[in-house]
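1. everything below, folded, please.
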Amino acid sequence: MKLVIVGGVAGGASAAARARRLDETAEIVLFERGSEPSFANCGMPYYIGGEIADRGKLLVTPIERLRQRYRLDVRVRTVVESIDRRAKTVRVRELDTDRSYDEPYDKLILSPGAAPLRPPLPGIDLPGIHTLRDLRDCDRIKAAVDDGVREALIVGAGFIGLEMAENLARRGIRTTVIELADQIVPPWDREMTVDAAAHLRQHGVRLVLSDAVAAFTARPGGGLRASTQSGLELDCDLALLSVGVRPENSLATAAGLETGPRGGIRVDESMRTSDPDIYAVGDAVETRDFVLRSPAQVPLAGPANRQGRIAADHANGRPSRYRGTQGTSILRVFDMTLALTGASEKSLVRAGTPFRKIYLHPGHHASYYPGAEGMTIKLLFAPDTGRVLGAQATGRAGVDKRIDVLSIAIQAGMTAFDLEEVELAYAPQFGSAKDPVNMAGFIAAGLLRGDHPQITPDQLASQPPETVIIDVRTPAEHAQGKIPGAVNIPMDELRQRLGEIPLDRPLVVHCQVGLRGYLATRVLLQSGRMAANLSGGFQSYRQFFPA
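-> Residues are numbered from 1 along each chain as shown. Presented below is the predicted three-dimensional model:
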């Protein structure tokens with residue numbers, strides 16, 4: 001068999017290596033338009049920021065290793081310009097010599113990736129305005145930064161934008177991030193981004209939200225000026241566009257392959273396109289959302305690697321199936337971590353999928369062991385079965401461990417009741433006997449059983465006007481910040497002061513993070529009162545309604 005692969009990096013390079021392991025006799029040709037077919041694009045912000053000192057570390061598998069160890073025919077600085085599906089050939093042009101020729105294939109794997117969006121704004125092509133996609137972009141930005149950039153503007157507060165903001169700020173560059181949405185990381189649920197936004201500001205990053213760049217102009221003394229839709233003028237020496245990506249689908253569309261409404265190349269579960277001899281993988285493809293089962297385009301390295309393996313398997317006659325993309329992802333902003341898996345509340349609402357949600361704020365390990373760090377977890381689950389639909393977590397330590405466990409729970413079709421029972425490694429420096437994952441299960445399963453009715457902070461405004469809010473924290477905690485109208489009756493005094501609490505009015509109980517509120521709810525319910533706990537307590541309230 002002759003296998004031709006267009007594009008390297010995560011999807012194409014993993015497909016090539018997998019294909020060789022499956023068939024020692026196959027002829028495998030890998031075309032790459034750049035100079036390096038296998039590099040870590042996720043590491044580029046950290047090389048620019050100096051955290052990765054050696055550029056060579058970004059080369060995951062150097063060309064010579066691909067050629068020698070895997071016996072691949074790797075052709076770099078080469079562009080595939082067209083596909084002749086009838087003749088089963090691709091038209092190829094060498095960038096350095098401008099020589100063109102036809103290359104035949106038996107099976108073809110497309111891994112063209114996605115290109116950063118470059119909105120058609122006035123001045124968008126001025127010097128100093130960059131995008132970050134490959135090593136050439138990385139080298140240009142690093143050279144500019146090393147040359148003495150003092151002010152930088154990041155357009156877009158997604159993953160790349162925030163990673164670059166962190167790394168530029170660490171290098172002492174005054175950095176501004178502008179974002180059209182009213183939050184950072186727009187696909188996330190807004191309340192789960194509030195603490196990270198505050199953390200960015202604490203580290204000197206200026207955030208301009210609910211605004212967008214309208215035009216760029218050159219400053220007379222050098223550098224750039226960005227004018228925004230709201231009338232702001234933002235000066236910078238370097239601007240980075242990070243407003244999203246579009247699938248590189250021109251090769252596929254010109255060949256008549258099917259694409260989705262957002263341009264993603266349509267593939268089946270085996271990564272085959274509408275042509276059974278052509279596969280597509282990585283950021284250019286439209287797959288299925290694992291939870292919602294709807295079309296999805298999620299540009300992440302992990303899914304691209306798995307898709308490359310699956311395409312190579314199927315091209316070699318092995319039955320292999322891609323389950324769908326969960327979008328499990330993680331982001332560091334200075335000392336904070338944000339992680340997500342599965343569906344967000346936003347995506348569930350858009351899809352019209354019923355759900356329940358809970359919040360909790362556990363420590364990442366036993367509170368009595370030195371160094372325990374707090375985190376926030378949001379769990380989304382089906383209201384009938386309790387099946388886990390999605391989760392988000394933020395904090396400083398231990399976030400990655402919990403989101404990975406919850407990712408597996410989604411893959412396995414587990415429920416909130418299962419989370420109560422999962423057995424996880426415990427020693428006080430690593431976790432708690434009741435791990436945060438177990439705690440999420442306890443809270444969600446108890447809610448489904450009716451043990452402790454809950455409302456979330458965003459539901460407070462819709463409560464009946466006669467609702468009484470009871471704060472069961474200590475008077476000192478209450479004095480430091482409170483929900484308007486809340487009555488302070490500390491948990492330890494609650495039983496003795498039941499006579500102050502009406503029997504005929506709905507009650508919302510809260511503490512700082514939810515535990516005392518849960519205990520108070522149980523007491524009030526068993527005394528014949530109508531009580532619901534505020535999920536996540538005052539800490540979650542502040543994430544919805546910052547002071």
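2. and for the closest residue to residue 294 other than its chain neighbours, the neighbour number?
-> Distances taken as C-beta to C-beta, 6 or more residues apart in numbering place residue 351 nearest to residue 294, at 6.4 Å, with adjacent residues excluded. The way it works is simple: take the backbone N, C-alpha and C, and place the C-beta from them, glycine included. Neighbourhood size, residue 351 [other C-beta atoms under 10 Å]: 14.
3. go on, residue 97?
-> Other residues near residue 97 come to 9 when the count uses other C-beta under 10 Å.
4. repeat for residue 359
-> Other residues within reach of residue 359, judged by other C-beta under 10 Å, total 27.
5. wait, is it part of a strand?
-> Yes - the assignment for residue 359 (DSSP: H, G, I helix; E, B strand; the rest coil) places it in a strand.
6. out of everything not next to it in sequence, what's closest to it?
-> If the residues on either side of it in the chain are set aside, residue 359 comes closest to residue 536, at 3.0 Å by C-beta to C-beta, 6+ apart.
7. if I read this right, the one you found contacts residue 374, doesn't it?
-> No - when contacts are counted by C-beta atoms under 8 Å, residue 536 is not listed as touching residue 374 (11.8 Å).
8. between the two, which has more neighbouring residues?
-> A direct count of neighbours by other C-beta under 10 Å for residue 536 and residue 374 places residue 536 higher, at 30 against 16.
9. so which bits of stretch 251-260 are buried?
-> 251, 252, 255, 257, 259, 260 (16 or more other C-beta atoms under 10 Å).
10. now, those that are in helices?
-> Using DSSP state H, the members of the buried residues of stretch 251-260 that fall within helices are 251, 252.
11. for the residue nearest the centre of the chain, which non-adjacent residue is closest in space?
-> Nearest residue to the geometric centre of the chain (C-alpha atoms, centre = their mean): residue 329, 4.0 Å. Distance criterion C-beta to C-beta, 6+ apart; nearest residue to residue 329, sequence neighbours excluded, is residue 340 at 5.6 Å.
12. quick one, phi psi at that neighbour?
-> The main-chain torsion angles of residue 340 are listed as degrees, to the nearest 10 and equal phi -150, psi 150.
13. for it, list the residues it contacts.
-> With C-beta atoms under 8 Å, 6 or more residues apart in numbering as the criterion, the residues that contact residue 340 are 188, 327, 328, 329, 330, 390, 391, 392, 393, 403.
14. kindly state the beta-bridge partners for it.
-> Residue 340 has these beta-bridge partners by DSSP bridges: residue 329, residue 392.
15. what's the spacing between it and residue 347?
-> Going from residue 340 to residue 347 by C-beta to C-beta, to the nearest Å gives 11 Å.
16. one more: residue 430?
-> Spatial separation of residue 430 from residue 347 under the definition C-beta to C-beta is 32 Å.
17. before we move on, what about residue 333?
-> Taking C-beta to C-beta as the criterion, residue 333 is separated from residue 347 by 22 Å.
18. for residue 182, same thing?
-> According to C-beta to C-beta, residue 182 and residue 347 sit 18 Å apart.
19. which one of these two is surrounded by more residues?
-> Higher neighbour count among residue 182 and residue 347: residue 347, with 21 against 11, using other C-beta under 10 Å.
20. does that one really touch residue 293, like I thought?
-> No - between residue 347 and residue 293 there is no contact, the gap being 12.0 Å when judged by C-beta under 8 Å.
21. mind checking how far the residue lying closest to residue 395 once chain neighbours are set aside is from residue 449?
-> Counting by C-beta to C-beta, 6+ apart, residue 395 lies nearest to residue 375, which is 2.8 Å off, once chain neighbours are set aside. If you measure residue 375 against residue 449 using C-beta to C-beta, the figure is 25 Å.
22. and these two? which has more neighbours close in?
-> When residue 375 and residue 449 are compared for neighbours, residue 375 comes out ahead with 21 against 11, by other C-beta under 10 Å.
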